[in-house]
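Engineer: Fold the following.
(one chain, ligands or ions: 3)
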Amino acid sequence: MTDKAPSDPSRHEDVDPTGLAAGRPAEGLMDVGASEPIERPGLHHWRESTITDPDLNDRGGVFFAAIEMTRMPMILTDPNRDDNPIVFANKAFLDLTGYEEEEILGRNCRFLQGAQTDRNAVSELRDAVQSKSAIALELLNYRRDGTPFWNAVFIGPVYDTDGHLRYFFASQLDVTRRRNTEQNYRQAQKMESIGQLTAGLAHDFNNLLQVVNGNLELVAATQDPERVKRYVAAAQSAAERGAKLTRQLLAFARKTRLEPRPVDLTQLVSEFSELMESAVNRQVEIHLSLRRGLAPVVVDADQLEMALLNVVNNARDAMPDGGLVTVSTLPLRLDDDAADRDLPPGDYIVLQVEDQGQGMSADVLERAAEPFFTTKGVGKGTGLGLAMASGFVRQSGGRLEIDSEAGRGTTIRMMFPVLAPDRFTATDRPEHTPVNAIVDDGSAPHVLVVEDNEEVLAIAREILESAGYVVSTAFSGDEALRFFDASHSDKRVDLLFTDLVMPGGMNGLVLADAITERDPSVSVLMTTGYNEELVINGTRARGTDVLSKPYRRSELLDRVSQALNRRGEGGGRRRRSEFGAVQA
Ligand SMILES: Cc1cc2nc3c(=O)[nH]c(=O)nc-3n(C[C@H](O)[C@H](O)[C@H](O)COP(=O)(O)O)c2cc1C
Ligand SMILES: Nc1ncnc2c1ncn2[C@@H]1O[C@H](COP(=O)(O)OP(=O)(O)OP(=O)(O)O)[C@@H](O)[C@H]1O
Ligand SMILES: [Mg+2]
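Structural biologist: Ligands and ions are numbered 1, 2, ... in the order given. The predicted structure follows:
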C-alpha cells in the first residue's frame with residue numbers, strides 16, 4: 001500500500017512539458033482492496049508530486065476555485081513545522097468535520113481521532129508520514145459534535161524541485177454508509193446461517209423422531225415377540241443416530257465433555273489407519289507421512305479420531321474417481337506469526353490431510369465449517385463433519401485451517417498445542433469393569449439418584465433396579481439432602497448419582513459437597529447433557545467422575561460399579577485426572 005517516495009523529482013513520470021508540476025501516477029497501488037472509495041483501481045491520480053511554486057497564497061486561478069468547490073475534503077499539512085500542522089483545509093473538509101477553519105489551522109490532524117479509532121491504523125499513518133510515503137486507508141474519525149464516521153484517507157507527499165519535502169496533501173471521504181451496509185450484510189448472512197442450522201436440526205430430528213415413534217406405535221400394536229424385537233431395534237438405531245447428531249453439534253459448539261490425555265499423534269494415526277482405509281473406497285489410496293518422536297499433545301483421542309475420520313471422508317468424497325490422500329504429522333513452531341493464526345506462540349503438532357480432489361470455490365471455503373453447510377445433496381451429507389472437527393480442535397486449544405482452491409485439491413491442517421510436561425500428570429482412565437449383576441442378599445448397594453427430569457429419572461431408576469440396586473430418588477438437591485439426612489443412619493446411601501445442572505439453588509457439585517461432608521465414604525457419580533461452565537470449572541478442580549448423556553444402560557451400570565469399587569480410595573472420590581476438559 002505504501003511506497004517509498006523518490007526524492008529525485010526527475011523520476012516523476014507525469015511531467016508537464018512546461019515544467020509546472022509533476023507527479024507519479026498511483027498505478028493502482030493506493031487501493032485498499034475491495035473497499036477502494038473510487039470503486040475502481042486508481043491508476044492515473046498522483047501518489048506524490050513535485051511543485052515549482054510552493055506559495056500557498058496564490059489563490060486566483062480556476063484550480064483554487066475547483067478545490068473550494070469540490071465536495072471531496074482536502075487538506076495540506078506542513079511537515080517543516082512542529083508536529084506537521086494543517087496549513088490549508090478546503091470547504092468540503094469543514095463540511096465533513098463540522099469544524100471552522102480557524103479551529104483547525106495550525107493543528108495536527110489527529111484531533112479527528114477518538115476512543116474507538118483503531119490504534120494500528122494510526123500507527124500505519126504515522127509510519128507512512130515518517131517515511132514520506134503515500135498511504136490510503138480507512139479509519140474511524142469523529143466530527144466536531146462527537147459523531148463518528150469512517151474516513152477513507154489518502155495521504156501523499158509534495159516535494160519542491162530541489163527534492164525537499166514541502167507539504168503533505170490529503171483527501172478524505174466519508175464511507176460510513178458503505179461500511180454499515182457491509183456490516184448489515186454480514187449480519188444477515190449470520191442470521192441465514194442460524195436459520196439454516198435450526199432448520200437442518202429440526203429436519204434431521206423430525207426424521208429420527210418419526211422412526212422412533214413409528215416403531216414404538218408398532219410395538220404397542222403387536223403381540224409377536226419377533227416383531228417387537230425388530231421394531232425396538234429400529235427405534236434404538238434411530239435414537240443412536242440422534243445421539244451422534246447431538247455429539248457432533250456439541251463438538252461444533254465446543255461443549256463436548258472432553259477426556260484429554262497425552263497422545264502421540266503419529267502413534268494415534270498409525271493405529272487408526274486401518275479404519276481410515278476401510279472408510280475410503282478402493283480407488284482412493286491413503287499415504288501416511290508420519291514424523292517419529294513428536295512431543296505429545298493433550299487431546300481426547302476418541303474425538304480426535306472422529307475429527308480425522310470426518311476429514312478423510314471429505315477427501316474421499318472430493319475424489320469420486322480416486323486419488324491420493326496424504327495424512328501427515330509434523331511439528332510447527334509459532335512465534336511472530338502466532339497472532340495471525342489466533343493462537344498463542346509456542347510449539348504445535350500439526351495433523352494434516354491433503355487430497356487431490358475437486359477443491360472448494362471461495363464461497364464454499366468460507367462456509368465449509370458452518371454446521372449443516374453441505375454441497376452434497378439431500379441425504380448424502382449432513383454438513384456437520386468440518387463443523388465438528390473445527391469445534392473440537394478449537395476446544396482443544398488449537399486451530400483448524402483449510403487451504404483449498406477449486407480444481408486444486410484441499411489441505412486441512414489441525415494444529416494442537418504441545419503442553420509443557422509439568423502441566424500434565426498421567427491420566428488414569430476409568431478401568432473397564434464388566435457389568436456385574438448384583439446378588440440381592442440384603443446387601444445390595446443403595447443408590448440415591450437425583451435428576452430434575454422425570455423421564456430421565458425413571459429410566460435411571462429402571463436400569464439400576466433391574467440390575468439389583470436399591471434405588472431412592474429425588475428431583476432436586478434440596479430434596480436429596482433432606483432424604484439423606486432423614487434416612488442415611490438406618491439405610492446407608494452408598495452412591496450419589498446426580499445430575500450436574502438442576503434448577504434451584506443446589507447444583508450437583510454443591511449437593512455432592514454437602515453429602516460427602518456428612519459422610520466422606522459415599523461415592524459420587526455425576527451426569528450431564530453437555531459441557532456447562534460448571535463441568536469445566538467445577539469438576540475439573542475436583543476430579544469428579546462425570547457420565548455424559550445420553551448414556552446407554554451398559555455405560556451407566558459400568559460407571560456405577562466403578563464408582564462403588566472406588567469406595568474408600570481417597571474418601572469416595574478421587575482425582576481422575578488433572579484435566580476434566582481442556583480450554584474451551
Ligand atoms: C496530510 C495528512 C492528513 C491526515 N489526515 C488524517 C485524517 O483525516 N484523519 C486521521 O485520523 N489522521 C489523519 N492524519 C494522520 C495524523 O495527522 C497523524 O499523522 C497520525 O495520527 C499518526 O501520528 P501520531 O501517532 O503522532 O498521532 C493525517 C496526516 C497527514 C500528514
Ligand atoms: N476435502 C474437501 N474437498 C472439497 N470440498 C470439501 C472438502 N471437505 C469439505 N468440503 C466441502 O465442505 C462442505 C462441508 O463439509 P462437511 O464435512 O462439514 O459436511 P459434508 O461432508 O457435506 O457432510 P457430513 O460430513 O456431515 O456428512 C462439503 O459439503 C464440501 O462442499
Ligand atoms: Mg463431511
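
Engineer: burial measure for whichever residue of the chain sits closest to ligand 3, as a count.
Structural biologist: Of all residues in the chain, the one sitting closest to ligand 3 is residue 385 (2.7 Å; Cβ to the ion). (Glycine included, C-beta is placed from N, CA and C.) Residue 385: 24 surrounding residues under other Cβ atoms under 10 Å.

Engineer: Quick one: mean pLDDT over stretch 20-38.
Structural biologist: Model confidence over stretch 20-38 averages 72 on the pLDDT scale.

Engineer: residues from the stretch 301-450 of the chain in reach of ligand 2?
Structural biologist: 310, 314-315, 318, 355, 357-360, 364, 368, 373-376, 381-387, 410 (Cβ under 6 Å from any ligand atom).

Engineer: Show me which residues of this structure are close to ligand 3?
Structural biologist: Contacts of the chain with ligand 3, taken as Cβ under 5 Å from the ion, map to 314, 385.

Engineer: Check which element follows the biggest helix by length in the chain along the chain.
Structural biologist: In the chain, with assignment by DSSP state H, the single longest helix is helix 176-220. The C-terminal neighbour of helix 176-220 among helices and strands, as given by DSSP states H and E, is helix 225-252.

Engineer: I'd like the distance between the closest residue to residue 235 other than its chain neighbours and residue 238.
Structural biologist: Ranked by Cβ to Cβ, 6 or more residues apart in numbering and with sequence neighbours excluded, the top spatial neighbour of residue 235 is residue 215, at 3.9 Å. Taking Cβ to Cβ, to the nearest Å as the measure, residue 215 falls 8 Å from residue 238.

Engineer: can you check residue 251 too?
Structural biologist: Distance from residue 251 to residue 238, counting by Cβ to Cβ: 21 Å.

Engineer: The two - which one has more neighbours?
Structural biologist: residue 251 (27 against 19).

Engineer: show me the contacts for that one.
Structural biologist: Contacts for residue 251 (Cβ atoms under 8 Å, 6 or more residues apart in numbering) come out as 303, 306, 307, 387, 388, 389, 391, 392, 395.

Engineer: cutoff 10 Å now
Structural biologist: Residue 251 sits next to 258, 300, 303, 306-307, 310, 371, 384, 387-395 when contact means Cβ atoms under 10 Å, 6 or more residues apart in numbering.

Engineer: Please narrow those to those residing in helices.
Structural biologist: Those of the contacts of residue 251 mapping onto helices are 303, 306-307, 310, 387-395, per DSSP H.

Engineer: List only buried entries from those residues.
Structural biologist: Listed as buried from these are 303, 306-307, 310, 387-395; burial here means 16 or more other Cβ atoms under 10 Å.

Engineer: Point me to the helix or strand that includes residue 169.
Structural biologist: Assigned by DSSP H and E, residue 169 belongs to strand 165-171.

Engineer: cool, and residue 411?
Structural biologist: strand 410-417.

Engineer: got the buried residues for stretch 473-486?
Structural biologist: The neighbour-count check on stretch 473-486 (16+ other Cβ under 10 Å) flags 473, 474, 475, 476, 477, 478, 479, 480, 481, 483, 484 as buried.

Engineer: right, I mislabeled it, should have said stretch 359-373
Structural biologist: Buried positions in stretch 359-373, judged by neighbour count with 16+ other Cβ under 10 Å: 359, 360, 364, 365, 367, 368, 369, 370, 371, 372, 373.

Engineer: Switch the residues you listed over to TSV; also include pLDDT, secondary structure and distance to ligand 1.
Structural biologist: Compiled in TSV, the buried residues of stretch 359-373 are given as follows (pLDDT from 0 to 100; DSSP: H, G, I helix; E, B strand; the rest coil; distance: Cβ to the nearest ligand atom, whole Å):
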residue	pLDDT	secondary structure	distance to ligand 1
359	95	coil	42
360	95	coil	39
364	92	helix	38
365	93	helix	34
367	90	helix	35
368	93	coil	38
369	91	coil	36
370	87	coil	36
371	82	coil	40
372	80	coil	43
373	85	coil	39
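
Engineer: Specify which member of those residues is nearest to residue 133.
Structural biologist: For these, the residue nearest residue 133 by Cβ to Cβ is residue 365; the value is 33.5 Å.
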